[in-house]
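# Kindly generate the corresponding structure for this input.
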Amino acid sequence: MALNETLDTPEALAEFLQRNPDFSLVAVDEDDKIIGAVLCGHNGRAGALYHLAVAETYRSQGIAQALVSHCYEKLIEANIHRCNIFVYGNNDEGNRFWLQNGFIDPVDWKVMQKRLDQ
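Next up is the predicted model:
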C-alpha cells in the first residue's frame, strides 16, 4: 500500500482542512459535479500545494489555474510568501503545468520521507 493511500483518509483530510481553513477549494460544474480540487495549507513559514486535480474532460480551460490562484491569494493573506509542491518525476503533465506556472525544478534538492507508523 502506498503511503498516501493510508494517509489520505476522510478523517485525515478533515483534520487537514480544519488546520488550514479556506485554503483548499473544490471546482464544480453547472450540475454541481466536482470537476477539480486543490489541497493547500501552510506551516507558518511556507505554503504547500499537496494535491491538484482537474477531471480530464475539463482540462485546459483555466480551472487548475483558478484553483491555484485561490491558494496563492489565501497564502498571501496569511503572510506566507513561499509555496512548495511535490510532483512525481514521471508526472509529465503535472511537471509541465508547474514549470509553466513559475515553479522551479532545483537540481540540488531532494525530498526524503520516513513513515512514522511502522
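# and Ala37, what element?
Under the assignment given by DSSP states H and E, the secondary-structure element containing Ala37 is strand 34-42.
# Over the host helix or strand of Val68, what's the mean pLDDT, rounded is fine.
Assigned by DSSP H and E, Val68 belongs to helix 63-77. The predicted model assigns helix 63-77 a mean pLDDT of 95.
# List every C-alpha atom in that helix, with coordinates, as CSV.
Coordinates of each C-alpha in helix 63-77 appear next as CSV, following Å, rounded to 0.1, in the frame of the first residue of the first chain:
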residue,chain,number,x,y,z
ILE,A,63,-9.7,25.5,-13.9
ALA,A,64,-6.4,24.4,-12.5
GLN,A,65,-5.0,27.9,-12.8
ALA,A,66,-8.1,29.3,-10.9
LEU,A,67,-7.7,26.8,-8.1
VAL,A,68,-4.0,27.5,-7.7
SER,A,69,-4.6,31.3,-7.8
HIS,A,70,-7.1,30.9,-5.0
CYS,A,71,-4.4,29.2,-2.9
TYR,A,72,-1.8,31.9,-3.7
GLU,A,73,-4.3,34.6,-2.6
LYS,A,74,-5.0,32.8,0.7
LEU,A,75,-1.4,32.2,1.4
ILE,A,76,-0.5,35.8,0.8
GLU,A,77,-3.4,36.9,3.1
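# How far off centre is the helix or strand that it is followed by?
Once helix 63-77 ends, the next helix or strand along the chain (criterion: DSSP H and E) is strand 83-85. In terms of Cα atoms, centre = their mean, to the nearest Å, the gap separating the centre of strand 83-85 from the centre of its chain is 8 Å.
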